[in-house]
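> I would like to see how this sequence folds:
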Amino acid sequence: MGTLAYAGATSHVGKIARDPHATPEVSDGLHAAWDTMRDDLYGREVDALIVVATDHYETFGLHNYPSFCLGVSDSYEAWGEFGNPTGTVAGHAALSEALLEGLVSRGFDLSRSFDMRLDHSFVVPLTKLLRTPPIPVIPLFVNCNTPPLPSLSRCFALGGAIADVVERLPGDTRVAVVGTGGISHWVGLPRAGQINEEFDRRFLELIGATQLDEVLSWSDEWINEYAGNGALEIRTWMVAHGAARSAPATVLAYAPMHPWHTGIGIVRYEIGVPA
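Here you go, the predicted structure:
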């Protein structure tokens, strides 16, 4: 019987890696929270880490743009776009295949990729969460920027299905899930650089209190207006929230990081115990 041993969520932005010490009086606290997340993650002794993220037209384009795509390889190459981290990320093909089969049997017709290169939405958080030896990664892409988008409710349901599949894996398989995206930011728009701290804090409050009905009622138009097109990435948090079965979330850190043009949130769901 498998175990979902850890679940969390964090914002991503390339400047976390490219300009890590912007406003140290703020960024130092964020890095300390990522250190806590990494130590918690390694304390669970997981066999694989499912990273739920999006893509910024590096791997997927108009020739092929799925709603969900699961990487099924033993390694993944990073794009290293725009000076973001590059290199090779270790995968876990066997667990990926088992996860894919289980999700398809539960009505989620995911695409699969045997050669899914990873952009900064995956790789930047991994620079904060992995150490030696690295935990094998299972990348799960969620369409967060090219309409029609999967609904917040569908992403939440996908997370629940992931937990169900993991719990039915053979042996003592231990798996972690981390969603990465958002929170408020505008990308490629006149409002780029703005952050809606009120939206961010309300979102984190609702996640922490497991009051998901309000979040799931938000329309994409409303999110776009009040928190920016980058906030549509909270879909990845909904997957993590569903996988954690709506367990309470502890906010490890939050800051409206204006040098990074993004509201940065870092949360841990209160599930599982160290191995």
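> now do the strands in the protein.
3-10, 48-53, 68-71, 75-77, 88-90, 111-113, 137-142, 174-180, 249-257, 262-269 (DSSP state E).
> dump these to a markdown table, plus distance to Ile195 and mean pLDDT.
For the C-beta atoms, the positions are set from N, CA and C on the backbone; glycine is no exception. Below are these laid out as a markdown table (distance: least, C-beta to C-beta, whole Å; pLDDT from 0 to 100):
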| stretch | distance to Ile195 | mean pLDDT |
| --- | --- | --- |
| strand 3-10 | 16 | 97 |
| strand 48-53 | 20 | 98 |
| strand 68-71 | 28 | 98 |
| strand 75-77 | 31 | 98 |
| strand 88-90 | 29 | 97 |
| strand 111-113 | 33 | 97 |
| strand 137-142 | 22 | 98 |
| strand 174-180 | 17 | 98 |
| strand 249-257 | 4 | 97 |
| strand 262-269 | 5 | 98 |
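> would JSON lines of the ones you listed with mean neighbour count and distance to Glu97 be doable?
Listed next are these as JSON lines, based on neighbours: other C-beta atoms under 10 Å; distance: least, C-beta to C-beta, whole Å:
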{"stretch": "strand 3-10", "mean neighbour count": "26", "distance to Glu97": "18"}
{"stretch": "strand 48-53", "mean neighbour count": "26", "distance to Glu97": "12"}
{"stretch": "strand 68-71", "mean neighbour count": "23", "distance to Glu97": "9"}
{"stretch": "strand 75-77", "mean neighbour count": "17", "distance to Glu97": "15"}
{"stretch": "strand 88-90", "mean neighbour count": "16", "distance to Glu97": "16"}
{"stretch": "strand 111-113", "mean neighbour count": "17", "distance to Glu97": "9"}
{"stretch": "strand 137-142", "mean neighbour count": "27", "distance to Glu97": "10"}
{"stretch": "strand 174-180", "mean neighbour count": "27", "distance to Glu97": "14"}
{"stretch": "strand 249-257", "mean neighbour count": "20", "distance to Glu97": "30"}
{"stretch": "strand 262-269", "mean neighbour count": "27", "distance to Glu97": "26"}
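> figure out which of these is closest to Glu167.
strand 3-10 (6.8 Å; C-beta to C-beta).
> what does the closest one contact?
34, 37, 40-41, 44-46, 125, 128, 162-163, 166-167, 172-180, 207, 236-237, 240-241, 243-244, 247, 249, 264-269, 271-272, 275 (C-beta atoms under 8 Å, 6 or more residues apart in numbering).
> enumerate every residue touching Pro125.
Thr10, His12, Val51, Ala53, Val178, Thr180.
> can you tell me how far the nearest residue to it once chain neighbours are set aside is from Gly102?
Nearest in space to Pro125, with sequence neighbours left out and distances taken as C-beta to C-beta, 6 or more residues apart in numbering, is Thr180 at 4.6 Å. Using C-beta to C-beta, to the nearest Å, we find Thr180 at a distance of 22 Å from Gly102.
> which ones are touching Gly29?
Contacts were defined as C-beta under 8 Å, 6+ apart; by that measure Gly29 touches Ala253, Ala255.
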